[in-house]
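[1] This is the structure alone, sequence omitted:
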């Protein structure tokens, strides 16, 4: 990967949002029968999967290993 | 599903499924093109998209996913949703390693993971310690799968639990090792295709069955909220949140280094196939790990009161409840049981094949008989497979009720992750040197094990303030490898200029 900084930044943001450190422990919000913090963790996982799939399918790979020799 | 057994038709279905695996092993044997290591362990020119995706999927999702993850969700509640994060992290971490490793493998015909290390560092010390770590870790992983097979059979058989456990371990392992030694990677990957499909169908059916049996998950959540287990719905405490982050890092990085995963990178027919296969795997946590967590949540509500290693049985108990409900439920459980056996066997066979490749090529071929022919090395790999599996079957029976599955999972990553600098950093940084890399690995492993087993007050449930000891070891390991390499490079440059 040639310029991976923006990729690292996006994964970092997903990590920060996905881990529910910013919720009060007694949070009682529910969506579809699940605690809201769980729904957000699942949503972040879906985003992470889509972003990873995008990188795998579209981002050029640095595979020139001959210059290492 | 204790004291409940399948009828003859169900047994015929499961037996046919198991026999079909041996038949596929025979087809793999027939399909071999030459008696070489590359043909036996990497299937010659490699696999296409369907096989790569399903073999990666079936290998990555194991007995731990089904029994261990549902059991852990039962113990800690919704907080175990962290498992979909760390399973996604594995694919993200492949982005660090896979592109260049694939290119190296194709250019230099790598067979085992440590072929890369040998090429990169040309150091027997690094090669031996990496092989030792990988074999020990993988044997631990294989052992966990064998134990899970025994537990699965406890739910199926009318025999007493101890006898059923022993029968399960021995019978299922025998089938697996027969098709594995017959057809090598072809048999393993082709059976993975069957097993991966059965696994996906099984997980989908499980979700459907849970809804049909217990209603929407909101009901289960309500029941938990009004029970003494209400904390399992709440936002996790600070220690659990640190554990969440720790799991993402350690399993994300560690699972990428599993030899069977690396060998599947080698075995992809083309870069395009590898990219597409991994892209599909990125979504697998959503239709696999998440369902295992949901199962554990339903179990908190409807099967309360389990403790200790019994919590790993929640899936079996839930299935027993579904089975008794209707004919449809009964057959769905039969298919689900086939999926469970598939999950365990597909992971175990891949681990066994990888271990045999490393023992034969990296130890026997490099240090015992350097002039051995490819046919001889392949034969020795099969011998090693049988010897190791006999020992592990004995160990699985001996340890039957002595460790929870998830505890086995925890310790092996502490050790495996110490190879991160040697693989992931060295593949991007030409300046990395062999000696500090080796010292870093040794120090990292020693420190991780010392922290884990040293009996320290600050180590709670095998973790330090929520973090795995392996991550502390990795920090020191990285520091030694990086600073040592920089120092050697600086010294070399100074010598060159003078």
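    Thanks, I have it. None of these values were measured; they are calculated from a predicted model. Residues are numbered from 1 along each chain as shown, chains lettered A, B, ... in the order given.
[2] any idea how far whichever residue of chain A sits closest to chain B lies from residue B:215?
    As assessed by CB to the nearest CB, chain B sits closest to residue A:33 within chain A, at 2.3 Å. The C-beta positions use only the backbone N, C-alpha and C, and glycine is treated the same way. With the distance defined as CB to CB, to the nearest Å, residue A:33 ends up 10 Å from residue B:215.
[3] Neighbour count: the two, which is higher?
    residue A:33 (15 against 12; other CB atoms under 10 Å in any protein chain shown).
[4] Surely that one and residue B:224 touch.
    No. Taking CB atoms under 8 Å as the definition, residue A:33 is not a contact partner of residue B:224, at 11.0 Å.
[5] next one: the helix or strand bottoming out on mean pLDDT in chain A to chain centre, how far?
    Lowest by mean pLDDT, DSSP states H and E among the helices and strands of chain A is strand A:30-31, with a mean of 88. Distance, stretch centre to chain centre, for strand A:30-31: 22 Å (CA atoms, centre = their mean, to the nearest Å).
[6] separation between residue B:7 and residue B:206?
    21 Å.
[7] out of the two, which sits in the more crowded spot?
    When residue B:7 and residue B:206 are compared for neighbours, residue B:206 comes out ahead with 26 against 9, by other CB under 10 Å.
[8] Tell me the residues of chain A that contact chain B?
    Contact residues (CB under 8 Å from any CB of the partner chain) of chain A with chain B: A:1, A:7, A:11, A:15, A:18-21, A:23-27, A:30, A:32-35, A:37-38, A:41-42, A:44-46, A:48-50, A:52-53, A:55-57, A:61-66, A:68.
[9] again, only using 6 Å
    Within chain A, the positions adjacent to chain B are A:18-21, A:23, A:25, A:27, A:33, A:35, A:37-38, A:41, A:45, A:48-49, A:52-53, A:56-57, A:61, A:63, A:65 by CB under 6 Å from any CB of the partner chain.
[10] Narrow those to those in strands?
    Members of these lying in strands (criterion: DSSP state E): residue A:35.
[11] And the buried ones among the residues of chain A next to chain B, selectable in PyMOL?
    A single PyMOL command selects the buried members of those (16 or more other CB atoms under 10 Å in any protein chain shown):
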select buried, chain A and resi 18+19+20+23+35+37+38+41+45+48+49+52+53+56+61+63+65
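[12] for the spatially most central residue of chain A, what are its contacts?
    The centroid of chain A falls nearest to residue A:48 when counting by CA atoms, centre = their mean (3.4 Å). Residue A:48 makes contact with A:14, B:88, according to CB atoms under 6 Å, 6 or more residues apart in numbering or on different chains.
[13] For it, give its distance to residue B:144.
    26 Å.
[14] likewise residue B:413?
    Distance of residue B:413 to residue B:144, computed by CB to CB: 12 Å.
[15] Those two: which has the busier surroundings?
    More neighbours surround residue B:144 than the other of residue B:413 and residue B:144, with 28 against 25 (other CB under 10 Å).
[16] Please identify which helix or strand holds the more buried one.
    Using DSSP states H and E, residue B:144 maps to helix B:124-156.
[17] Remind me what that helix packs against, helices and strands.
    Other elements packing on helix B:124-156 under the criterion 3 or more CB pairs under 6 Å, 6 or more residues apart in numbering or on different chains; DSSP states H and E are helix B:113-121, helix B:161-214, helix B:327-357, helix B:374-398, helix B:405-416, helix B:434-453.
[18] The residue of chain B found nearest chain A: how many residues sit nearby?
    Nearest residue of chain B to chain A: residue B:218, at 2.3 Å (CB to the nearest CB). Residues contacting residue B:218 under the criterion other CB under 10 Å number 13.
[19] Show residues contacting stretch B:130-139.
    Residues from elsewhere that reach stretch B:130-139 (CB under 6 Å, 6+ apart): B:114, B:117, B:259, B:351, B:355, B:358, B:362, B:412, B:415-416, B:419.
[20] Can you find the helix or strand of chain B with the lowest average pLDDT?
    Ranking every helix and strand in chain B by mean pLDDT, DSSP H and E puts helix B:63 at the bottom, with a mean of 66.
[21] now check the next helix or strand after it, is it near chain A?
    Note on helix B:63: by DSSP H and E, the next helix or strand toward the C-terminus is helix B:69-76. No. Using CB under 6 Å from any CB, helix B:69-76 stays clear of chain A, with a minimum separation of 11.3 Å.
[22] elements contacting helix B:69-76?
    Contacting helix B:69-76 under the criterion 3+ CB pairs under 6 Å, 6+ apart are the following elements: helix B:289-302, helix B:314-323.
[23] roughly how far is the helix or strand just after it from the heart of the chain?
    Downstream of helix B:69-76, the next assigned helix or strand under DSSP H and E is helix B:82-108. Between the centre of helix B:82-108 and the centre of its host chain there is 15 Å, according to CA atoms, centre = their mean.
[24] For helix B:82-108, buried residues please.
    Buried-residue list, helix B:82-108, by 16+ other CB under 10 Å: B:82-106.
[25] could you give the angle of that helix to helix B:289-302?
    160 degrees (axes from the mean of the first three to the mean of the last three CA atoms, to 10 degrees).
[26] Between helix B:69-76 and helix B:82-108, find me the angle.
    Going by the same axes, to 10 degrees, helix B:82-108 makes 140 degrees with helix B:69-76.
[27] which residues in chain A form helices?
    Using DSSP state H, the helices of chain A run over A:5-18, A:36-58.
[28] what mean pLDDT does stretch B:136-156 have?
    Stretch B:136-156 carries an average pLDDT of 83.
[29] same deal with stretch B:451-471?
    Mean per-residue pLDDT for stretch B:451-471: 89.
[30] Go ahead and name everything in contact with that stretch.
    So stretch B:451-471 is in contact with B:239, B:242-243, B:246, B:250, B:410, B:413-414, B:417, B:448, going by CB under 6 Å, 6+ apart.
[31] Lowest pLDDT pick from these?
    Ranking the contacts of stretch B:451-471 by pLDDT puts residue B:410 at the bottom, with 57.
[32] Kind regards, and thank you for your time.
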